[in-house]
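Trainee: 3D, please:
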Amino acid sequence: MTYLAAGGVAKRLGISPNTVRGYVQKGLMPPPDVVLDDGTRRLRGWAAETIDAWQAQRPRPRVAPPAQRASEEADQ
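Mentor: Numbering: from 1, shown residues only. So this is what the prediction gives:
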């Protein structure tokens, strides 16, 4: 089985590796499927299926359609 490190997760989600690391630090990522620990550093790995399932259940930010945003900005 192949696992994704932070860089692979970032590429799959279209975000930066630093964002993934921030999510890990804040506890927002799912638990890793594998952890490699050589005593010096820890490398986390997620299965693609784990990341896809996590992404599918994440809440999405509420964004108004472009026409509505333009109208709201004109009113200000």
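Trainee: C-alpha from now on. contacts and neighbour counts both.
Mentor: OK.
Trainee: Do me a favour and average the pLDDT over stretch 36-49.
Mentor: Stretch 36-49 shows a mean pLDDT of 94 in the predicted model.
Trainee: swap in stretch 59-76?
Mentor: For stretch 59-76, the per-residue pLDDT averages 60.
Trainee: Tell me which helix or strand Leu36 sits in.
Mentor: strand 34-37 (DSSP states H and E).
Trainee: The chain: strands as residue ranges?
Mentor: 34-37, 42-45 (DSSP state E).
Trainee: could you redo those strands as CSV and give each row mean neighbour count and distance to Ser16?
Mentor: Shown next, in CSV, are the strands of the chain (neighbours: other CA atoms under 10 Å; distance: least, CA to CA, whole Å):
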stretch, mean neighbour count, distance to Ser16
strand 34-37, 12, 21
strand 42-45, 14, 16
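Trainee: Nearest to Leu28, out of the ones you listed?
Mentor: strand 42-45 (14.0 Å; CA to CA).
Trainee: next one: that closest one to chain centre, how far?
Mentor: 15 Å (CA atoms, centre = their mean, to the nearest Å).
Trainee: quick one, what contacts the residue positioned nearest the centre of the chain?
Mentor: Ranked by distance to the mean C-alpha position of the chain (CA atoms, centre = their mean), the top residue is Val20 at 5.4 Å. Under the criterion of CA atoms under 8 Å, 6 or more residues apart in numbering, the neighbours of Val20 are 6, 9-10, 29.
Trainee: The same query, at a cut-off of 7 Å, please.
Mentor: Going by CA atoms under 7 Å, 6 or more residues apart in numbering, Val20 touches 6, 10.
Trainee: This completes my enquiry, with thanks.
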